[in-house]
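*Asks:* build the 3D model from these lines:
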Amino acid sequence: MSPESRNFTISQLLSLTALVAITMSVVRLLGPSALFSLLLVAYGFAPTIAMLVMYLARHRSTKVRLLLGASTLALLAVAMLLHSGLSYGSESLYFVLLGTVIEWPGQIAVLTFLHLLRQNQSIEVSSPHLDRWHASDMPDSFVSVLELEPVTRSDD
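*Replies:* Reported below is the predicted structural model:
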């Protein structure tokens, strides 16, 4: 699927709507402590959620996608800090910020590594020396395990 044609199907939209509806009903039934727990989980994975929003944005501009990712990260941070500060007092803010310092750097490092790996892979795949894969280029152990056959291109 090309980046320009990222369309959502009805089943994906209905699944997302059902997930949001179930989450909101659980929060309403269980009260503010459930909302805090859900916000805590979302806040813990905020860099990953922001990266997913950035990658799944339908806009072609990199600046707009970066703005969407950063605003998602900021929205989750402000929501978590406001809810914890108002519900549990200012002492809880220290624990939230401590959790941020512990959780976020590792996620950001892994996501940056995966982003760089993705960029490097797209550069290598488009290079002319990787257009053809031959079983003779691989060691015999790989060929016997994967049972690869030489690939010939029909457009030559």
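
*Asks:* and the pLDDT at the residue nearest to the spatial centre of the chain?
*Replies:* Closest residue to the average C-alpha location of the chain: Leu52 at 3.2 Å, with C-alpha atoms, centre = their mean. pLDDT recorded at Leu52 is 85.

*Asks:* and the average pLDDT for the helix or strand harbouring Gln12 is what?
*Replies:* According to DSSP states H and E, Gln12 maps onto helix 10-30. On average, the pLDDT along helix 10-30 is 84.

*Asks:* do stretch 70-77 as well
*Replies:* 89.

*Asks:* ok, and what's touching it?
*Replies:* Leu39, Ala42, Tyr43, Ala46, Pro47, Ile49, Ala50, Val53, Met54, Thr100 (C-beta atoms under 8 Å, 6 or more residues apart in numbering). C-beta coordinates here come from the backbone N, C-alpha and C atoms, glycine included.

*Asks:* longest helix in this protein, please.
*Replies:* Criterion DSSP state H: the longest helix present in the chain is helix 91-125.

*Asks:* in three-state terms, label the residue nearest to the centre of the chain for me.
*Replies:* helix (DSSP: H, G, I helix; E, B strand; the rest coil).

*Asks:* spit out the contact partners of it.
*Replies:* Contacts of Leu52 (C-beta under 8 Å, 6+ apart): none.

*Asks:* with only the CA atoms kept, save stretch 53-61 in PDB.
*Replies:* Presented in PDB, the C-alpha positions along stretch 53-61 are these (Å, rounded to 0.1, in the frame of the first residue of the first chain):
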ATOM      1  CA  VAL A  53       0.100   9.000  14.900                       C
ATOM      2  CA  MET A  54       3.000  10.600  13.000                       C
ATOM      3  CA  TYR A  55       3.400   7.500  10.700                       C
ATOM      4  CA  LEU A  56      -0.300   7.000  10.100                       C
ATOM      5  CA  ALA A  57      -1.100  10.700   9.400                       C
ATOM      6  CA  ARG A  58      -2.500  11.000   5.900                       C
ATOM      7  CA  HIS A  59      -0.700  14.300   5.200                       C
ATOM      8  CA  ARG A  60       2.300  14.300   2.800                       C
ATOM      9  CA  SER A  61       4.100  17.100   4.600                       C
END
